[in-house]
Structure formats: structure tokens, C-alpha cells
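**Student:** Take a look and give me a structure for this.
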Amino acid sequence: MRPPSRRLLLALEGYWRLNQNHAQMKYLMIALLSILSLSCTKSPEKTPQNFAEKIVAFAIENSDDQFIELPELYDSLTKTIPDDKDEKTILVQILKKKGFKITNWGRGNWPPLGARIIQITLKKDDCECTVNKMYYATMDDSLYEMRERIKCRASH
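**Tutor:** So this is what the prediction gives:
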């Protein structure tokens, strides 16, 4: 049997390197796709806040004086309705970060015997936004469901 020619050996070596590079590229692509898929996955803690920021931006941009309610902004029920000084509203915090200032606030039941509502009005330049935080009674008398809603309008 004749030994393989130099040309054949060079061709086999080139083929081997090509396949080796192909395998490396394949592993590189798998690693890259894995990293990309992980970076595109949203963490559960950040989803409501990011979504809420988008809703606030939408309400400001459209300023059509129509409420947008976020029924799932809070992922748990609460046992108490906090005092005024301790009240925290997600949408108000977002508006404050955007430079809005509180101009008015109040609380009450709406309608009587209905949900407990906290209403906060904020203003920046010629845009006025109203945020309501509602506490709805649940089947369990000691738990409340929380929701927030927002509407903005151009003030003159």
C-alpha cells in the first residue's frame, strides 16, 4: 500500500481544522444564545415597576383624562390601610422621579361603603396627573386588595 500523498495529508489536515473551527463556532453560538436568552428574561421583581413606568409615560404622553387602572400592580394583599404619612403609592413615586410635585391629596370611601380611595394630584409644567390607590375588601374581612390608577390631562 502506498503512503498517503502530501497533498492528501494537507487536505485532511485542512478538513480537520475546518471541522474543529466549526465545532468551536457551534459551542460559541450555543454560549452566545444562552447568554442572550438569560439577558432577555425579565426578573419577576422588576416587571411590575418597569410596566408601571411605561403606563405612567403613556398616560403623560396621551393626557386624555381617562383612568388607566393597574389591577395587578401589587402581588399580595394587605392587612391594614396605612396612615396618611405612611401611605406608599408606586405611581406617585414614578411621577415624583419625573419631576412632578404633589398639589393636592385626599382619602375617602367611594361610593359610600365601597373601596377605600386615596387620591393624589401632581403637576409638572402644563401636565396634571391624578393617582388613585384603592383598597378593595376581599372575602376575608382582614385582607384588602390594592390597585392603583392614573389619568393625566393638559392643564391650562
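**Student:** Give me the contacts around stretch 123-136.
**Tutor:** Contact with stretch 123-136 is made by 56, 59-60, 63, 67, 78, 81, 87, 89, 91-92, 95, 98-101, 103, 115-122, 144-156, as judged by C-beta atoms under 8 Å, 6 or more residues apart in numbering. (C-beta placed from N, C-alpha, C; glycine too.)
**Student:** if we go to 6 Å?
**Tutor:** Stretch 123-136 is contacted from outside by 60, 81, 89, 91-92, 95, 99-100, 103, 115-122, 144-155, using C-beta atoms under 6 Å, 6 or more residues apart in numbering.
**Student:** what do you get for stretch 83-92?
**Tutor:** Surrounding stretch 83-92, the residues in contact under the criterion C-beta under 6 Å, 6+ apart are Ala52, Leu73, Ile118, Ile120, Val131, Lys133, Glu148, Ile150.
**Student:** Verify the stated contact: Ile94 with Val56.
**Tutor:** Yes: using C-beta atoms under 6 Å, Ile94 is in contact with Val56, at 4.7 Å.
**Student:** got the CA coordinates for the helix or strand hosting Arg147 in CSV?
**Tutor:** Arg147 belongs to strand 144-154 when assigned by DSSP states H and E. The C-alpha trace of strand 144-154 is given here as CSV (Å, rounded to 0.1, in the frame of the first residue of the first chain):
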residue,chain,number,x,y,z
TYR,A,144,-57.6,44.2,51.3
GLU,A,145,-56.7,44.1,47.6
MET,A,146,-54.7,47.1,46.4
ARG,A,147,-54.9,48.7,43.0
GLU,A,148,-53.7,52.0,41.5
ARG,A,149,-54.9,54.0,38.6
ILE,A,150,-53.7,57.1,36.8
LYS,A,151,-55.0,59.8,34.5
CYS,A,152,-53.2,62.8,33.2
ARG,A,153,-54.5,65.9,31.4
ALA,A,154,-53.1,69.1,30.0
